[in-house]
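**Student:** with the sequence up front, the predicted model follows.
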Amino acid sequence: MAPTTKGSRGKGMTARDVIARLNRIQVWAFPPSFLAIIGMGYFFTFFDITNIGFAMPAIAVQFGLTGSESLFVALAIGLIGYIFGSYIIGTLSDRYGRFNMMLVTMVLIAVGSFGDAAATGIITLSLWRFITGMGVGADLNLVSTYIGELAPSGKRGRISMLTFLIGIVGQSITPFVALALVPNMVIGWRLLFMIGGVIAIIAIAMRFKLAESPRWLAMHGRIEEANAVVSRMEEFAKKKVRLPEPKPGEVDLSKGRFPTAYLFKRQYAKRLLVFASMWFFWYIGNYGFLGDAATLLAAQGLTIGNSILFIAVGAVGYPVGALVMAKVADRSERKWLILCAAAIWLIGMLLIGTLSDYGIMLGSFLAALALGLYLQIAYTYTAESYPTRARASGFALSDGIGHVGGAIGALALPIMVSGIGFGPGFAAIGVTGLAAGFIAIAGPVASRRPLEEVSS
């Protein structure tokens, strides 16, 4: 940690005091509706991540796309937008605040979704998928960053998971919505995207009720605003519990660094390597499964409807996984929970590889369960491991570099299935998921610790 700055004396001390007051609040100090508002944005994010995989078979037929063109539009373009959006908007949020950028992400998502629905060919669809990807990537980043900065240290994992639970419903119901629309209507895939756009517009209106992160305000010298937010939090918390006296500690108040440059300080460079590698290996299988499974199952002789149905039945595992993780997120260390989720992922991929009806459904359930267990706790772990001054930038680089693995997985899985067989191909993406779990073990201790301690 850099030396504590006393440059402007009172301002430096006041920032420490604000953060000490914030750290003593060990309950969620906002109305429950705040979690629902944030979760609504998450709902769309996961709705969009999932819907493109189910929409592409119909889009490919109507636009006359080859297999490689379908993958390019469905995954590569969206992932490029995701990486750019997460980094650019995440960096802006480190410099200019979380609140405004969380509105920007939803605007991008709404515009991109309606554009997706109105696309007339591969060029326009690629443009709108890029814009949608920018909003989705940035929103995943900012929600994890924002929740982590507001939630109490002892319940940070649980509160993040509760927000995620609202969002993951989007991933669990998307296959059923797709099943009703895509195989039965010529414009079914367009309606699928339009639903996402409507959800995003609702989320924009709701997010105006949110407050700026007091941690970010304090670190940027906006002490009066930070005090005002923390005071409201204290008043809300006092209705539930008795607050202890604040205990100011060291806070890094150094200034003048571009957020990305700050991440290459010695203690953060190692973390960047760990988390970028963790996400790289996880996303290889994640995007291979979500983007290719329905198409690859159809290629094995299943109808498009049945391939979607089998995955849809398994999708109930998403909220189940999130509910389980909400119970244990703060009871065990993050890294070991991540490893357990990765092991379940491997078992799911092996079962899908059997190509039996029950194997596919059970494997899909375990894969969805693993995703529900893994994703938000790993997002939380990534965000909390970086300092407030560069938290969103650190998340963006870790997750963004990781998404290169997603692009590789989505492109490589069909090749592996063609070359070595369906079962071995899915086993391979199961192994890469397990590798991500082992890499996580090299991360810092984070559960139940104040953010300033985790990121030191």
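**Tutor:** Thanks, I have it.
**Student:** give the contact list for the residue nearest to Phe84 when sequence neighbours are not counted.
**Tutor:** Ranked by C-beta to C-beta, 6 or more residues apart in numbering and with sequence neighbours excluded, the top spatial neighbour of Phe84 is Met134, at 5.9 Å. Glycine gets a C-beta too; all of them are placed from N, C-alpha and C. Applying C-beta atoms under 8 Å, 6 or more residues apart in numbering to Met134 gives the contacts 81-82, 84-85, 88-89, 108, 112.
**Student:** now name the helix or strand holding Met134.
**Tutor:** helix 122-150 (DSSP states H and E).
**Student:** again with Ala342
**Tutor:** Per DSSP H and E, Ala342 falls inside helix 334-352.
**Student:** elements contacting that helix?
**Tutor:** Packing partners of helix 334-352 (3 or more C-beta pairs under 8 Å, 6 or more residues apart in numbering; DSSP states H and E): helix 266-299, helix 317-328, helix 357-384, helix 422-440.
**Student:** turn these into JSON lines, including distance to Leu192, mean neighbour count and mean pLDDT.
**Tutor:** As requested, these are exported to JSON lines (distance: least, C-beta to C-beta, whole Å; neighbours: other C-beta atoms under 10 Å; pLDDT from 0 to 100):
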{"stretch": "helix 266-299", "distance to Leu192": "13", "mean neighbour count": "22", "mean pLDDT": "87"}
{"stretch": "helix 317-328", "distance to Leu192": "18", "mean neighbour count": "21", "mean pLDDT": "91"}
{"stretch": "helix 357-384", "distance to Leu192": "19", "mean neighbour count": "25", "mean pLDDT": "92"}
{"stretch": "helix 422-440", "distance to Leu192": "25", "mean neighbour count": "22", "mean pLDDT": "95"}
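**Student:** now these as CSV including distance to Arg242?
**Tutor:** Shown next, in CSV, are the helices and strands packed on helix 334-352 (distance: least, C-beta to C-beta, whole Å):
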stretch, distance to Arg242
helix 266-299, 36
helix 317-328, 26
helix 357-384, 26
helix 422-440, 36
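**Student:** against Thr66, how distant is the spatially most central residue of the chain?
**Tutor:** Geometric centre of the chain, nearest residue: Leu140, 4.0 Å, by C-alpha atoms, centre = their mean. To Thr66, Leu140 is 30 Å away according to C-beta to C-beta, to the nearest Å.
**Student:** tell me the contacts of the closest residue to Val18 other than its chain neighbours?
**Tutor:** Excluding its sequence neighbours, the residue lying closest to Val18 (C-beta to C-beta, 6+ apart) is Ala218, at 4.3 Å. Applying C-beta under 8 Å, 6+ apart, we find Ala218 in contact with 14-15, 18-19, 226.
**Student:** hmm, which of the contacts of Met134 is lowest in pLDDT?
**Tutor:** Checking pLDDT across these, the minimum falls on Tyr82 at 88.
**Student:** farthest pair in the contacts of Ala218?
**Tutor:** Thr14 and Ile19 (9.8 Å; C-beta to C-beta).
**Student:** ok, those two, which is more surrounded?
**Tutor:** Ile19 (24 against 18; other C-beta atoms under 10 Å).
**Student:** please, which helix or strand holds that one?
**Tutor:** helix 10-23.
**Student:** buried residues in that helix?
**Tutor:** 12-23 (16 or more other C-beta atoms under 10 Å).
**Student:** what's the angle from whichever helix or strand comes after that helix to helix 317-328?
**Tutor:** Stepping forward along the backbone from helix 10-23, the first helix or strand reached (DSSP H and E) is helix 32-63. Here helix 32-63 runs at an angle of 150 degrees relative to helix 317-328 (axes from the mean of the first three to the mean of the last three C-alpha atoms, to 10 degrees).
**Student:** elements contacting helix 32-63?
**Tutor:** Using 3+ C-beta pairs under 8 Å, 6+ apart: helix 32-63 touches helix 67-71, helix 98-118, helix 122-150, helix 156-181, helix 188-207, helix 266-299.
**Student:** reformat these as CSV; add distance to Ile347.
**Tutor:** Putting the helices and strands packed on helix 32-63 into CSV (distance: least, C-beta to C-beta, whole Å) gives the following:
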stretch, distance to Ile347
helix 67-71, 27
helix 98-118, 33
helix 122-150, 26
helix 156-181, 20
helix 188-207, 30
helix 266-299, 12
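**Student:** where among these is the average confidence lowest?
**Tutor:** The lowest average pLDDT among those, as it happens, falls on helix 67-71, at a mean of 72.
**Student:** wait, Gln152 sits on Gln26?
**Tutor:** Check again: residue 152 is Pro, not Gln. Yes. In this structure, Pro152 is within contact of Gln26 by C-beta atoms under 8 Å, at 4.4 Å.
**Student:** one step back: would you mark the buried spots in the helix holding Met134?
**Tutor:** By neighbour count with 16+ other C-beta under 10 Å, helix 122-150 contains the buried residues 122, 125-150.
**Student:** hang on, the earlier thing: elements contacting the helix holding Ile19?
**Tutor:** Judged by 3+ C-beta pairs under 8 Å, 6+ apart, helix 10-23 is in contact with helix 214-219, helix 223-238.
**Student:** possible to save those helices as TSV with mean pLDDT and distance to Leu192?
**Tutor:** Converted to TSV, the helices and strands packed on helix 10-23 look like this (pLDDT from 0 to 100; distance: least, C-beta to C-beta, whole Å):
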stretch	mean pLDDT	distance to Leu192
helix 214-219	93	36
helix 223-238	94	38
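**Student:** packed most tightly, which of those helices would that be?
**Tutor:** Highest mean neighbour count of the helices and strands packed on helix 10-23: helix 214-219, a mean of 26 (counted as mean count of other C-beta atoms under 10 Å).
**Student:** how about it as CSV, C-alpha atoms only?
**Tutor:** What follows is helix 214-219, C-alpha atoms only, in CSV (Å, rounded to 0.1, in the frame of the first residue of the first chain):
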residue,chain,number,x,y,z
PRO,A,214,-19.3,7.0,-0.9
ARG,A,215,-15.9,5.2,-1.1
TRP,A,216,-15.4,6.7,-4.6
LEU,A,217,-16.5,10.1,-3.4
ALA,A,218,-14.2,10.1,-0.4
MET,A,219,-11.2,8.9,-2.5
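**Student:** what's in contact with stretch 425-436?
**Tutor:** By C-beta under 8 Å, 6+ apart, the residues outside stretch 425-436 that reach it are 278-282, 284-286, 288-289, 338, 342-343, 345-350, 352-353, 370, 405, 409, 413, 416-417, 420.
**Student:** count of residues packed around Arg448?
**Tutor:** 16.
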